[in-house]
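*Asks:* Sequence and computational prediction follow.
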Amino acid sequence: MDTVALVPAAGRGTRLGAGVPKALVRVLGHSLLSRAVRGLLDSGSVGHVVVAAAPDQLDPMGREVRDLGERVHVVPGGGERTDSVRAALRAADRLVPSAEVVLVHDAARAFTPARVIRDVVAAVERGAPAVVPTLSVADTIKRVDDEGVVAETVDRSRLRTVQTPQGFTVDVLREAYGAAGEVATDDAGLVERLGYPVETVAGHTNALKVTTSFDLAVAEAVLAAGPVELPESRVDTLGRSNDTGSDTSERCGDES
Ligand SMILES: Nc1ccn([C@@H]2O[C@H](COP(=O)(O)OP(=O)(O)OP(=O)(O)O)[C@@H](O)[C@H]2O)c(=O)n1
Ligand SMILES: C[C@](O)(CO)[C@H](O)COP(=O)(O)O
């Protein structure tokens, strides 16, 4: 099946505070945007990529992905992440009309291992309408009342944090984005509201979203370390490893 990946990259990166849009921040010589797009193409499961850039960043972002070839397109994004994904989806309908599978992947998750990308695409190809990579929760979780006093300790065995890329059939994502004005913190949230099942595959700690300068320091350290072993704490409580590949070590990005 033909797969197109949408990469919302139109955010400002306010929490990172780098002085440039976050997608243009460089880690060991390469921008988060170019790393994210290259990772998608190198996974072997993605045919085309549509990047949504802020309207005033179309040129610099276009330069970042120019070397990656004609399968990468840069289009104007919007004021919220949802607006950027909607704009990229509309552009994909025009630029890659043959696509049946669509991924939505944050430029800020630039170090996502190929295995995660391939697992998401494979699950959609097997028939899932929507798929998200997830991690089990490592910390104890408490719910507090209005005064900040603990009301309960939550059973975390079925709680998951959600990563990208999230995968969908094109028809389902189009339907989810059809409802004007809908906003969700992630794309699967829109699909859930329509009543479609959202399947999960094992995520990976390296697929962290670079949000703060601490995250950037972690990403630099992980990249400099090269292949890393899967931490035990990330084996989820349903008994599935968060790394289902045959090899438990993963490279994250290239260092060239
Ligand atoms: N209007 C927006 C806002 C966000 N994004 C993208 O959505 C992803 C996840 O968003 P986040 O990490 O919150 O990025 P920023 O909005 O840039 O961060 P901040 O909230 O700190 O400004 C990023 O790749 C970001 O570029 C986007 O395409 N369009
Ligand atoms: C889509 C997402 O990456 C899922 O984890 C995330 O929700 C988007 O960014 P935000 O920090 O939640 O706004």
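*Replies:* Looks like it came in fine. Ligands and ions are numbered 1, 2, ... in the order given.
*Asks:* for this structure, what spans make up the helices?
*Replies:* 32-42, 58-65, 81-95, 114-125, 170-178, 187-193, 213-225 (DSSP state H).
*Asks:* Would you tell me which of those gets closest to ligand 1?
*Replies:* helix 81-95 (3.3 Å; Cβ to the nearest ligand atom). Yep, even glycine has a C-beta here, placed from its N, CA and C like the rest.
*Asks:* picking up where we left off before, now the helices of the chain in TSV, with mean pLDDT and distance to ligand 1?
*Replies:* Putting these into TSV (pLDDT from 0 to 100; distance: least, Cβ to the nearest ligand atom, whole Å) gives the following:
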stretch	mean pLDDT	distance to ligand 1
helix 32-42	97	8
helix 58-65	98	10
helix 81-95	96	3
helix 114-125	98	16
helix 170-178	95	14
helix 187-193	95	11
helix 213-225	91	9
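*Asks:* ok, the nearest residue to A54 once chain neighbours are set aside to ligand 1 distance?
*Replies:* Excluding the flanking residues, the one nearest A54 by Cβ to Cβ, 6 or more residues apart in numbering is A10, at 4.4 Å. According to Cβ to the nearest ligand atom, to the nearest Å, A10 stands 3 Å off from ligand 1.
*Asks:* Can you give me every residue that contacts A10?
*Replies:* A10 makes contact with 21, 52-54, 57, 76-78, 81, 84 under the criterion Cβ atoms under 8 Å, 6 or more residues apart in numbering.
*Asks:* Contact residues of the chain facing ligand 2?
*Replies:* 106, 162-164, 185-186, 209 (Cβ under 6 Å from any ligand atom).
*Asks:* between the helices of the chain, which one is nearest to A151?
*Replies:* When the helices of the chain are compared by Cβ to Cβ, helix 187-193 sits nearest A151, at 24.5 Å.
*Asks:* Mind giving me the packing neighbours of the closest one?
*Replies:* strand 130-136, strand 166-169, helix 170-178 (3 or more Cβ pairs under 8 Å, 6 or more residues apart in numbering; DSSP states H and E).
*Asks:* send the alpha carbons of that helix over as PDB?
*Replies:* Provided in PDB are the C-alpha atoms of helix 187-193 (Å, rounded to 0.1, in the frame of the first residue of the first chain):
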ATOM      1  CA  ASP A 187      -4.800  12.800  15.900                       C
ATOM      2  CA  ALA A 188      -6.000   9.500  17.300                       C
ATOM      3  CA  GLY A 189      -8.100  11.500  19.800                       C
ATOM      4  CA  LEU A 190     -10.200  12.700  16.800                       C
ATOM      5  CA  VAL A 191     -10.600   9.200  15.500                       C
ATOM      6  CA  GLU A 192     -11.600   7.900  18.900                       C
ATOM      7  CA  ARG A 193     -14.500  10.400  19.000                       C
END
